[in-house]
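J.: This is a predicted model, with the sequence first.
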Amino acid sequence: VQLQASGGGLVQPGGSLRLSCKASGLNLDYRAVAWFRQAPGKEREGVSCINNSDGRTSYEDSAKGRFTISRGKDKNTVDLHMTNLRSDDTAVYYCAIGVCGSSWRNMDYWGKGTLVTVSS
């Protein structure tokens, strides 16, 4: 199983980015997929998750109203659309497979991260 996160980059405050997580080796439609992030010097934290059984989504408080997680248009992808980005969103973003609401330590599979830098 391999996961690959992409779509990161440098964006100005207030801007938008769409991250994509693509899987190979399994069907993402049947798995819950989460996005985590880790800022320099901070612990990895959950950002958002989409469930597999009912499609329910969840968001960390600071992401609510700004980020949207969805099953991607491309097969076997899950996207994270981030809007109104702030400097404190700067981090390496990772996608992972596991159970929504679980600690990052308990996720089953991880992809390499993609760096998001929010700066003017």
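T.: Here it is on my side, so go on.
J.: Which strand residues bridge Cys49?
T.: Beta bridges link Cys49 to Ala34, Ser58, judged by DSSP bridges.
J.: how close does it get to Tyr59?
T.: 8 Å (CB to CB, to the nearest Å). Just so you know, the C-beta spots here come from the backbone N, C-alpha and C atoms, and that holds for glycine as well.
J.: for the protein, what spans make up the strands?
T.: Counting by DSSP state E, the chain has strands at residues 2-6, 9-11, 17-24, 32-38, 45-50, 57-59, 67-71, 77-82, 91-98, 109-110, 114-118.
J.: Which one's more surrounded, Cys49 and Tyr59?
T.: Using other CB atoms under 10 Å as the criterion, Cys49 and Tyr59 rank with Cys49 on top: 23 against 17.
J.: Now the common contact residues for Cys49 and Tyr59.
T.: Residues touching both Cys49 and Tyr59 by CB atoms under 8 Å, 6 or more residues apart in numbering: Ile69.
J.: Need the strands of the chain in TSV (columns: mean pLDDT).
T.: TSV is the format used below for those (pLDDT from 0 to 100):
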stretch	mean pLDDT
strand 2-6	94
strand 9-11	98
strand 17-24	96
strand 32-38	97
strand 45-50	96
strand 57-59	96
strand 67-71	96
strand 77-82	97
strand 91-98	96
strand 109-110	93
strand 114-118	98
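J.: center of this protein, which residue is that?
T.: Trp35 (2.7 Å; CA atoms, centre = their mean).
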